[in-house]
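S.K.: Dropping a prediction and its sequence here:
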Amino acid sequence: MRESEGAGPRVAVVTVSNRAAAGVYPDRSGPVIVERLRAAGCEAVGPWVVSDGEPVAEALERALEERIDAVITTGGTGLTPQDRTPEMTRRLLSYEIPGIAEALRAGGRDKGVPTAILSRGLAGVAERGGHRMLVVNLPGSRGGAHDGMDVLEPVLGHAVDQLRGGDHPRPNGAEK
């Protein structure tokens, strides 16, 4: 069910991990995000586990084709040469939402993770055929995924509503 029908937004989770995609070890961060999304009343799709690089762009394209409301990626946002998630994400974005990415980095730092500021994750909107989709990159660790959801969860529904043309909520029914 879609948010307009009383259910939360449809959110795809994409785990970006070369080793998890190769079966070296299980996906550890995607299930954290799925659990948090479901607890928040969202319809979680995935996690889709992909290698870094071009498969990230393919997963985002798939989500656009399936008219998913939002995609949360986990992994591939660091400084290693293999970390290409931000580059693949940026290719599909019509525009960025820097406040989300900044809040994610600050949230991790404020929780005592100094390396959170090294994340190159992006947030923005991808568009195709009149459909608009929020895309947010989270770090690949379980802790980074959990901390990222602490920041993202309170604004996710409102962001999706805004992408659909919704108005800002008014306190106590006040007019603009």
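M.R.: It's in.
S.K.: C-alpha only now, for contacts and for neighbours.
M.R.: Will do.
S.K.: top helix in this structure by residue count?
M.R.: helix 142-163 (DSSP state H).
S.K.: and it, what does it pack onto?
M.R.: helix 30-39, helix 98-110, strand 131-138 (3 or more C-alpha pairs under 8 Å, 6 or more residues apart in numbering; DSSP states H and E).
S.K.: could I get those as JSON lines with mean pLDDT, distance to residue 118 and mean neighbour count?
M.R.: Output for the helices and strands packed on helix 142-163, formatted as JSON lines (pLDDT from 0 to 100; distance: least, C-alpha to C-alpha, whole Å; neighbours: other C-alpha atoms under 10 Å):
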{"stretch": "helix 30-39", "mean pLDDT": "98", "distance to residue 118": "20", "mean neighbour count": "19"}
{"stretch": "helix 98-110", "mean pLDDT": "97", "distance to residue 118": "8", "mean neighbour count": "18"}
{"stretch": "strand 131-138", "mean pLDDT": "98", "distance to residue 118": "12", "mean neighbour count": "25"}
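S.K.: and the residue nearest in space to the middle of the chain, bridged to which residues?
M.R.: Nearest residue to the geometric centre of the chain (C-alpha atoms, centre = their mean): residue 72, 2.1 Å. Residues in a beta bridge with residue 72, per DSSP bridges, are residue 13, residue 136.
S.K.: surely it meets residue 135?
M.R.: Yes: assessed by C-alpha atoms under 8 Å, residue 72 is found in contact with residue 135 at 6.0 Å.
S.K.: Tell me where this protein is predicted with low confidence.
M.R.: 1-6, 169-176 (pLDDT under 70).
S.K.: hmm, 50 instead?
M.R.: The model of the chain has pLDDT under 50 over residues 1-5, 176.
S.K.: burial count for the closest residue to residue 141 other than its chain neighbours?
M.R.: Leaving aside its chain neighbours, residue 141 sits nearest to residue 29 (5.9 Å; criterion: C-alpha to C-alpha, 6 or more residues apart in numbering). Neighbour count for residue 29, taken as other C-alpha atoms under 10 Å: 26.
S.K.: gap between residue 41 and residue 73?
M.R.: For residue 41, the distance to residue 73 equals 19 Å [C-alpha to C-alpha, to the nearest Å].
S.K.: Who has more neighbours out of those two?
M.R.: residue 73 (34 against 15).
S.K.: The residue nearest to residue 141 contacts residue 147, correct?
M.R.: No: with contacts counted by C-alpha under 8 Å, residue 29 stays clear of residue 147, the gap being 11.2 Å.
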